[in-house]
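*Asks:* Predicted model, plus sequence, below.
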Amino acid sequence: MKWFTSVFALLLAAMAAPNVAGQCLAENDNIQHTKADNPLSRNRLYKGESIFTLKLLEAINAATPTENIFFSPYSLYHVLLLMYFGAKSDTEKLLRTGLELHWTEEKPVIWQAYNIGKKSLSTRFSNNKDIQFTSIDKLFFGKHIPVEECMEDKFFEEIEKLDFENEPEAQRVYINNWVENATHGEIKDLLIPGSITRNTKLAIANAAYFKGTWQNKFKPEDTKKDIFYISNERQEFVDMMHVEGTFSHTANEKLACHILELPYNSEDEDARVSMFVFLPPAEPNALDKLLARLTSSTDILSEVVGEGITRRVDVKLPKFNIEKTVDMKTVLDRMGMGKIFENSANFSGFSKKEQIGFDEIQQKSKITVNEEGSVAASSTIAFSFRSSRPVDPAIFHCNHPFVFIIYDYSTQAVLFNGVYRQPE
């Protein structure tokens, strides 16, 4: 059985920067630890991630306005969150703002939220036969780096020591193998030769892997060649999948688009994951207008989830693959976070005695969509935002560009995000 697979891996390499003295998570982590046991902390953390997701989508789209887009805001957010735990002074404030962590100024509270989320993830999906989702964080420190004791205590599961100084090439291969194993062989050779040197102090990595089957599968025999309208001037034939079934569907006036929820099969209520497809009208610049509306409201995702009406829908969508490598340093600079890569950045929370700074961040991601697994959909129907229920079945045919997200109900987090403009 061929399932849908979506795989991401992100790695950030660290080089030398000025040394500045500082504390670990807080002046007294143990005193503040009792404040961290807030059941709402994880929800607040992922609420911040959902806002970050839309800003990230806006920045990536601005950098690649004519290409297909696919990335994991979840993966990037986790790497930046680990950077935040080691940041001090103005760098800490910059990351707190960029990661939407303004709901608290206490790092132990955020660390607790991170820890709760990590344990919840392993519990929710560990025994789920329908959906696989794993997200693994790593702090690969150089063997000679004197890591702060409290960091080693709080991140003992994430920290691993490598001999960058004497065997940089071997450590590059080791990290690539770790990524490949963590993503079940989907992401290979992430780091090119020379990307790890004897001057590397720290590499922060996240590898996320997702695999699931549709609740309503597409029959392979119903997949036919059909036209995909890239623009009024450009059309190409694609393998178009087709199914008629019961889905949650709505026409959203604020976004001026139709939205379809494509749930993944899961018997466990705590492991509900769905793809949401945002389909603009088939008219010039409709995708750009949708992206502008989508990224202008910080609460729009929470508004549209659960908004749909359950009804019969006739769905057509292309069968596709997207594989992308994104220079996130450029993207983060567009988001106002470029100073974390400057020499003046302060990451003394990782080590008071060693100079640590970051100069590169990249993400490689891959998605395969087929009849068994994930689908992104697009429609050519006319828009009439009526309050009355239209005649069944609704038509949701994906033959022009659309936006899609993969959404985890439990954390209310966007795991993956994409824009499908054209067949690759």
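*Replies:* Great, that's in hand. Residues are numbered from 1 along each chain as shown.
*Asks:* Lys93 belongs to a strand?
*Replies:* No. The assignment for Lys93 (DSSP: H, G, I helix; E, B strand; the rest coil) gives helix, which keeps it out of a strand.
*Asks:* ok, Pro393 - contacts?
*Replies:* Neighbour list for Pro393: 244, 311-314 [criterion: C-beta atoms under 8 Å, 6 or more residues apart in numbering]. C-beta coordinates here come from the backbone N, C-alpha and C atoms, glycine included.
*Asks:* Roughly how far does it sit from Arg234?
*Replies:* 29 Å (C-beta to C-beta, to the nearest Å).
*Asks:* one step back: ranking by neighbours, what's the top pick from the contacts of Pro393?
*Replies:* The residue in the contacts of Pro393 with the most neighbours, by other C-beta atoms under 10 Å, is Val313 (26 neighbours).
*Asks:* residues in contact with it?
*Replies:* Contacts of Val313 by C-beta under 8 Å, 6+ apart are 244-247, 249, 260, 393-396.
*Asks:* how about the residues you listed, which pair is most distant?
*Replies:* Spanning the widest gap among these are Thr246 and Ile395, at 14.8 Å by C-beta to C-beta.
*Asks:* what about Arg124, neighbour count?
*Replies:* Look at Arg124: counted by other C-beta under 10 Å, it has 21 neighbours.
*Asks:* cool, Glu169 as well?
*Replies:* 13.
*Asks:* next one: Leu162
*Replies:* Based on other C-beta under 10 Å, the number of other residues close to Leu162 is 21.
*Asks:* Who does it form a beta bridge with?
*Replies:* Gly142 (DSSP bridges).
*Asks:* and the lengthiest helix in the chain, what's its mean pLDDT?
*Replies:* If you go by DSSP state H, the chain has its longest helix at helix 41-63. What helix 41-63 shows for mean pLDDT is 90.
*Asks:* of the contacts of Pro393, closest to Phe341?
*Replies:* The closest of the contacts of Pro393, once distances to Phe341 are taken by C-beta to C-beta, is Val313, at 45.5 Å.
*Asks:* Please list only the buried members of the contacts of Val313.
*Replies:* 247, 249, 260, 393-394, 396 (16 or more other C-beta atoms under 10 Å).
*Asks:* Any chance of CSV for the contacts of Val313, columns distance to Lys119 and pLDDT?
*Replies:* Converted to CSV, the contacts of Val313 look like this (distance: C-beta to C-beta, whole Å; pLDDT from 0 to 100):
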residue, distance to Lys119, pLDDT
Glu244, 41, 94
Gly245, 35, 93
Thr246, 35, 93
Phe247, 33, 94
His249, 35, 93
Leu260, 33, 95
Pro393, 42, 77
Ala394, 40, 88
Ile395, 43, 91
Phe396, 38, 94
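*Asks:* Can you give me the neighbour number for Asn216?
*Replies:* Using other C-beta under 10 Å: Asn216 sits among 15 other residues.
*Asks:* count of neighbours near the nearest residue to Thr134 once chain neighbours are set aside?
*Replies:* Using C-beta to C-beta, 6 or more residues apart in numbering and skipping the chain neighbours, the partner closest in space to Thr134 is Tyr209 (5.0 Å). Number of residues near Tyr209 (other C-beta under 10 Å) recorded here: 20.
*Asks:* Averaged pLDDT, the helix or strand containing Tyr209. What do you get?
*Replies:* Element membership for Tyr209 (DSSP states H and E) is strand 202-212. Average pLDDT, strand 202-212: 89.
*Asks:* if we look at whichever helix or strand comes after that strand, which residues are touching it?
*Replies:* Going down the chain from strand 202-212, the next helix or strand is strand 224-229, by DSSP H and E. Strand 224-229 has contacts (C-beta under 8 Å, 6+ apart) with 235-240, 242, 282, 316, 318, 380, 399-400, 422-423.
*Asks:* Can you pull the domain assignment for this structure?
*Replies:* 4-212+321-368, 220-318+372-420 (automatic domain parsing).
*Asks:* ok, which stretches of the stretch 1-150 of the chain are strands?
*Replies:* 4-15, 69-71, 131-142 (DSSP state E, counting those that start in this stretch).
*Asks:* again with the stretch 151-300 of the chain
*Replies:* Under DSSP E, counting those that start in this stretch, the stretch 151-300 of the chain gives strands at 159-162, 202-212, 224-229, 235-252, 257-263, 273-279.
*Asks:* is it possible to export those to a markdown table including distance to Asp359?
*Replies:* Converted to a markdown table, the strands of the stretch 151-300 of the chain look like this (distance: least, C-beta to C-beta, whole Å):
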| stretch | distance to Asp359 |
| --- | --- |
| strand 159-162 | 18 |
| strand 202-212 | 11 |
| strand 224-229 | 40 |
| strand 235-252 | 40 |
| strand 257-263 | 39 |
| strand 273-279 | 35 |
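*Asks:* Good, we can wrap up now.
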